[in-house]
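A.B. asks: Here's a sequence, model it:
(2 chains)
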Amino acid sequence: MTSLAPPLAKPARAAFGRKGADALLFAILFVLLWQGAHELAGEQGLASPRVTVLRAGELLGSAAFWQHAGATGIAFLYALAVALAGGLGIGLALGYFRLAGDVFEPIVGAIYSIPKITLYPIILLVFGLTLSAKVAFGALHGIFPMIIFTMSGVKTVKPVFLKTARVLRLSPLAAIRAILLPAALPEIFTGFRIGFSLTLLGTLIGELFASDRGLGFMLIRGIEHSDAATILALTLLLFTVSALAGWALLRLDRRLRRYQQASAPAV
Amino acid sequence: MTRRQLVVWLRLAFLFGAAGALEILCRTGRIPRLTMIPPSEMVEHLAAALAGGKFTADIVFTFANIGAAAAISIVLGAALGLGIHALPRLRRVVDPMLASYYSVPTFVFYPLLIVLFGLTRWPLVAIGALFGVVAMILNTIAGLDRVPRALAKTARVLRLGPWATVWRIKLPAAAPSLFTGVKLAVTYSVIGVIAGEFILSVAGLGRQIKFAYDSLDNGTMYALLLFVLTATVLVYFLVHGWERRVHRRWTAS
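C.D. replies: Reported below is the predicted structural model:
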């Protein structure tokens, strides 16, 4: 740093205060827009912010809501476990064996880009109306980003590291555990972050179509009864929870990347 | 045989092998007909359906919606990206929202859109655009962040106006990122529109697949599934190849 560099330590509190004020301004603007849209669409179309928040509070206080949320949560966790295990396994293999990686990379990318919702009938025909169908559908959404990011993470590991593994005569398993996994961890985590949200999306969509419980089921029942307040309250709750989870994962992700950049030896 | 050729041959062998295995499993009854029909029959059904022109209107409907959604998300996304990049205060506020946008199941807004626009094609266009626009915004901002300082200075030295600076300096310099944005916006528009049709719609390929499924018409369902998957994979490779060519040209010059 030369003396020409701008002073780094701005008065942190003032900066935070202004950011807070900006965020508040933005939130107020958002609520006003929402209210305006409500006036345009009417009570049947778009519930007002006040009604929505009240309904959300009501839902949070009801036992039925928590039963549905629990059903979604269990399906989501199973799906996430399947997606993570499968994504890591396949991604590591495709990254480690270059030829296999080159053969399958465009196939995986193409499957990632298709609207997986259209595969729902097949899943239903295979699994029936069961928890397995929801789990399979969630995992189907989440596994591909995990494969893609793990594969690219393993592929971009510095050749020096792999040579070190050979010099130390590590077995393939030991090389994966001690060298490949730690070196590719930031990429893998990015894949996990994207896979996390897609798995949630997949689980919810699965419940929309064919389920008798879960938040997706509550949502579709709200649509059928044109219960605008419940639809919007559920949307608000889902949005808040998944945005918070996404934001927390993103912060971890950025920290991992910074940590790796800082600790990487200058080659 | 070069390695490149070997890779392509192995890939083809895998794809045909998988299709063949599926064919055998279906023909021998290991996979019951109620679950899946043999791939060869899917192709026959698809050829018959396409030749009969039964689904032409739905195909046009779906692809017109995808085109509109992609166009809206690309133009709007680039404009919003430019605007957000130019206003650091706004950017600080919306940054965390943009970053966590794709962790939110956007489809929860689809019922709302139906209420707002009615049961027409517009909620479909809107959900496709909603799905694609943020990818375009994020990539526009990322591209503008990478415009070299020297170029911005050049614009000032040449006394270009704000529009000329955007049009002649910033957008061209951010082009590689913009193309990545376009690729994602197109892919997401496809997913958004077809998924929307699947949930609730008056017409379109997604609706026809769901309708065939509900009426246990496996022949039509698998034929249309095959069509949608082939079409989206084709779009994917077109946009992907185009993006790669652009990137190569940029890094070469």
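A.B. asks: pull the longest helix from the chain.
C.D. replies: Let's take chain A. Criterion DSSP state H: the longest helix present in chain A is helix A:228-263.
A.B. asks: could you do chain B instead?
C.D. replies: helix B:218-252.
A.B. asks: ok, is that one in contact with chain A or not?
C.D. replies: Yes: contact of helix B:218-252 with chain A (CB under 8 Å from any CB of the partner chain) involves B:221, B:225, B:228, B:229, B:232, B:233, B:235, B:236, B:237, B:240. Backbone N, C-alpha and C define where each C-beta goes, glycine included.
A.B. asks: Would you reformat those as JSON lines and include pLDDT and neighbour count?
C.D. replies: JSON lines is the format used below for these (pLDDT from 0 to 100; neighbours: other CB atoms under 10 Å in any protein chain shown):
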{"residue": "B:221", "pLDDT": "90", "neighbour count": "26"}
{"residue": "B:225", "pLDDT": "90", "neighbour count": "21"}
{"residue": "B:228", "pLDDT": "90", "neighbour count": "23"}
{"residue": "B:229", "pLDDT": "89", "neighbour count": "16"}
{"residue": "B:232", "pLDDT": "87", "neighbour count": "21"}
{"residue": "B:233", "pLDDT": "88", "neighbour count": "17"}
{"residue": "B:235", "pLDDT": "87", "neighbour count": "21"}
{"residue": "B:236", "pLDDT": "85", "neighbour count": "21"}
{"residue": "B:237", "pLDDT": "87", "neighbour count": "14"}
{"residue": "B:240", "pLDDT": "82", "neighbour count": "16"}
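A.B. asks: what's the neighbour count on the residue nearest to residue A:120 when sequence neighbours are not counted?
C.D. replies: Spatial nearest neighbour of residue A:120, chain neighbours left out: residue A:209 (5.8 Å); criterion: CB to CB, 6 or more residues apart in numbering or on different chains. For residue A:209, the neighbour count with other CB atoms under 10 Å in any protein chain shown is 22.
A.B. asks: Likewise for residue B:72?
C.D. replies: The burial count for residue B:72: 20, using other CB under 10 Å.
A.B. asks: Can you name the residues of the stretch 1-150 of chain B sitting close to chain A?
C.D. replies: B:6-7, B:10-11, B:14-15, B:34-36, B:89-90, B:92-94, B:96-97, B:99-100, B:102-105, B:107-109, B:111-112, B:115-116.
A.B. asks: Which residue ranges of the stretch 51-200 of chain A form helices?
C.D. replies: Here the stretch 51-200 of chain A has its helices, by DSSP state H, counting those that start in this stretch, at A:63-96, A:98-113, A:120-127, A:131-155, A:159-167, A:172-175, A:181-209.
A.B. asks: in the longest helix of chain B, what's buried?
C.D. replies: Neighbour counts using 16 or more other CB atoms under 10 Å in any protein chain shown place B:218-225, B:227-229, B:231-233, B:235-236, B:239-240, B:243, B:246 of helix B:218-252 among the buried residues.
A.B. asks: on that earlier part again, export the helices of the stretch 51-200 of chain A to a markdown table and append columns for mean pLDDT and distance to residue B:80.
C.D. replies: Shown next, in a markdown table, are those (pLDDT from 0 to 100; distance: least, CB to CB, whole Å):
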| stretch | mean pLDDT | distance to residue B:80 |
| --- | --- | --- |
| helix A:63-96 | 93 | 31 |
| helix A:98-113 | 88 | 24 |
| helix A:120-127 | 85 | 32 |
| helix A:131-155 | 91 | 25 |
| helix A:159-167 | 87 | 41 |
| helix A:172-175 | 84 | 46 |
| helix A:181-209 | 88 | 21 |
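A.B. asks: Any idea which residue of chain A lies closest to chain B?
C.D. replies: Taking CB to the nearest CB, chain B has its nearest neighbour within chain A at residue A:246, 2.7 Å off.
A.B. asks: re earlier: just checking, the residue nearest to residue A:120 touches residue A:121?
C.D. replies: No: Residue A:209 is beyond contact range of residue A:121, at 9.1 Å (criterion: CB atoms under 8 Å).
A.B. asks: Quick check: the gap between residue B:118 and chain A.
C.D. replies: Relative to chain A, residue B:118 is positioned 10 Å away (CB to the nearest CB, to the nearest Å).
A.B. asks: Just give the number of residues close to that residue.
C.D. replies: 11.
A.B. asks: and it, what pLDDT?
C.D. replies: For residue B:118, the pLDDT comes out at 82.
A.B. asks: With residue A:16 instead?
C.D. replies: At residue A:16, the pLDDT recorded in the model is 62.
A.B. asks: Which residues of the stretch 151-267 of chain A lie near chain B?
C.D. replies: So far as CB under 8 Å from any CB goes, the stretch 151-267 of chain A lies against chain B at A:193-194, A:196-197, A:200-201, A:204-205, A:208, A:219, A:222-223, A:226, A:228, A:231-232, A:234-235, A:238-239, A:242-243, A:245-247, A:249-250.
A.B. asks: So for the helix or strand containing residue B:60, what gets flagged as buried?
C.D. replies: Assessed by DSSP states H and E, residue B:60 sits inside helix B:56-86. Residues B:58-59, B:61-63, B:65-66, B:68-74, B:76-78, B:80-82, B:84-85 are the ones in helix B:56-86 that count as buried (16+ other CB under 10 Å).
A.B. asks: Tell me how far the closest residue to residue A:138 other than its chain neighbours lies from residue B:52.
C.D. replies: Counting by CB to CB, 6+ apart, residue A:138 lies nearest to residue A:79, which is 2.9 Å off, once chain neighbours are set aside. From residue A:79 across to residue B:52, the span is 39 Å (CB to CB, to the nearest Å).
A.B. asks: okay, those two: which has more neighbours?
C.D. replies: Shown here are residue A:79 and residue B:52; by other CB under 10 Å, residue A:79 has more neighbours (28 against 9).
A.B. asks: Assess the claim that that one and residue A:132 are in contact.
C.D. replies: No: the pair residue A:79 and residue A:132 fails to qualify as a contact (CB under 8 Å) at a distance of 10.1 Å.
A.B. asks: what's near enough to touch residue 203?
C.D. replies: Defaulting to chain A. A:72, A:75, A:76, A:79, A:134, A:135, A:137, A:138, A:214, A:216 (CB atoms under 8 Å, 6 or more residues apart in numbering or on different chains).
A.B. asks: The intended chain is chain B.
C.D. replies: B:57, B:58, B:61, B:121, B:197.
A.B. asks: go with 6 Å
C.D. replies: B:58, B:61 (CB atoms under 6 Å, 6 or more residues apart in numbering or on different chains).
A.B. asks: ditto for residue B:105
C.D. replies: A:201, A:204.
A.B. asks: Look up phi and psi at it.
C.D. replies: Per-residue torsions, residue B:105: phi -70, psi 100 (degrees, to the nearest 10).
A.B. asks: With residue A:46 instead?
C.D. replies: phi -130, psi 110.
A.B. asks: what's the burial count for the closest residue in space to it that isn't next to it in sequence?
C.D. replies: Spatial nearest neighbour of residue A:46, excluding adjacent residues (CB to CB, 6+ apart): residue A:38 at 4.9 Å. A count of nearby residues for residue A:38, using other CB under 10 Å, gives 20.
A.B. asks: Show me which positions of the longest helix of chain A end up buried.
C.D. replies: A:228-239, A:242-243, A:245-246, A:249-250, A:253, A:256.
A.B. asks: now the host helix or strand of the residue nearest to residue A:46, how far from the centre of its chain.
C.D. replies: Residue A:38 is part of helix A:12-45 when elements are defined by DSSP H and E. Distance, stretch centre to chain centre, for helix A:12-45: 25 Å (CA atoms, centre = their mean, to the nearest Å).
A.B. asks: I'd like to know which elements that helix is packed against.
C.D. replies: helix A:49-60, helix B:88-99 (3 or more CB pairs under 6 Å, 6 or more residues apart in numbering or on different chains; DSSP states H and E).
A.B. asks: Contacts for the helix or strand that the last one is followed by next, please.
C.D. replies: In this case it means helix B:88-99. Using DSSP H and E, the helix or strand that follows helix B:88-99 in sequence is helix B:110-117. Residues outside helix B:110-117 that contact it (CB under 6 Å, 6+ apart) are A:41, A:45, A:223, A:231, B:123, B:126, B:127, B:196, B:199.
A.B. asks: Let me know the closest of the residues you listed to residue B:29.
C.D. replies: residue B:199 (33.7 Å; CB to CB).
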